[in-house]
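Visitor: Here is the input, now give the coordinates:
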Amino acid sequence: MGIGEAVKTCFSKYFQFSGRALRSEYWWFFLFVVLASAALAVLDTIIFGTNPETGQGSRVLSSVFQLAVLIPMLAAGWRRLHDTGRPGWYLLLPMALSITTLFVMLGGVAFFSVLEQGTENPDALRGPAAVLGVTGIVVVSILQLVLSILMIWWLTRPSEEGANEYGEPVS
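Guide: Below is the predicted model of the structure:
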């Protein structure tokens with residue numbers, strides 16, 4: 001399967017999370033998304049220019065494109081994991097870790113804010129809070145790296161031979 005056929009297939013299966021996807025289907029579509037995003041980012045800069053204060057370009061076209069391909073990219077990855085015999089929801093693990101981290105960090109900030117109000121010397125809590133925060137960020141960063149490598153590993157595995165619990169192999 002080439003890039004054109006992969007793009008056509010992934011867009012035709014926009015909301016299809018069931019079934020299987022060939023390795024070539026997923027990775028050609030992934031390459032299309034990366035190349036199109038880069039081209040649209042350059043086009044954004046040419047059309048809309050950059051902010052002189054920040055040096056950042058406006059990302060109108062590339063943002064719209066990335067929103068448009070979010071669901072088919074997720075669906076293709078979901079089906080790709082099915083093709084390797086794994087549940088598609090594994091694709092959500094890195095995002096789930098990020099969301100959990102956000103809530104834990106916000107909870108930690110709220111917890112230490114309450115503790116600071118109840119002590120005579122709130123500066124004494126800033127050191128332990130910083131150590132806990134930095135330690136948490138390091139641990140989560142390592143977990144995120146491991147999950148990302150594992151996800152790439154799973155997405156690059158060969159297709160399972162024959163039928164599996166997610167259907168017949170795609171030909």
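
Visitor: next SSE after the one helix or strand residue 79 maps to?
Guide: For residue 79, the element it lies in under DSSP states H and E is helix 60-83. Scanning forward in sequence from helix 60-83 by DSSP H and E, the next helix or strand is helix 93-117.

Visitor: And that next one, what does it pack against?
Guide: Helix 93-117 sits against helix 123-156, with contacts defined as 3 or more C-beta pairs under 8 Å, 6 or more residues apart in numbering; DSSP states H and E. Glycine gets a C-beta too; all of them are placed from N, C-alpha and C.

Visitor: The residue located most distally from the centre of the chain in helix, strand or coil?
Guide: Distance from the centre of the chain peaks at residue 120, with 43.7 Å (C-alpha atoms, centre = their mean). Three-state call for residue 120 (DSSP: H, G, I helix; E, B strand; the rest coil): coil.

Visitor: gap between it and residue 137?
Guide: Computed as C-beta to C-beta, to the nearest Å, the residue 120 to residue 137 distance reads 29 Å.

Visitor: and stretch 130-149, average pLDDT?
Guide: The pLDDT scores in stretch 130-149 average 91.

Visitor: picking up where we left off before, could you list every helix and strand that the helix holding residue 79 packs against?
Guide: Secondary-structure packing of helix 60-83 (3+ C-beta pairs under 8 Å, 6+ apart): helix 3-12, helix 23-48, helix 123-156.

Visitor: Can you add mean neighbour count and give those back as CSV?
Guide: Putting the helices and strands packed on helix 60-83 into CSV (neighbours: other C-beta atoms under 10 Å) gives the following:
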stretch, mean neighbour count
helix 3-12, 16
helix 23-48, 16
helix 123-156, 12
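
Visitor: In CSV: these, plus distance to residue 55.
Guide: Output for the helices and strands packed on helix 60-83, formatted as CSV (distance: least, C-beta to C-beta, whole Å):
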stretch, distance to residue 55
helix 3-12, 33
helix 23-48, 11
helix 123-156, 27
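
Visitor: Out of those helices, which gets nearest to residue 65?
Guide: Of all the helices and strands packed on helix 60-83, helix 23-48 sits nearest to residue 65, with 5.2 Å by C-beta to C-beta.

Visitor: report the angle between the axes of the closest one and helix 3-12?
Guide: Interaxial angle, helix 23-48 versus helix 3-12 (axes from the mean of the first three to the mean of the last three C-alpha atoms, to 10 degrees): 90 degrees.

Visitor: Return the angle between stretch directions for helix 23-48 and helix 60-83.
Guide: Using the same axes, to 10 degrees, the direction of helix 23-48 lies 170 degrees away from that of helix 60-83.

Visitor: now helix 23-48: mean pLDDT?
Guide: pLDDT averaged over helix 23-48 gives 93.
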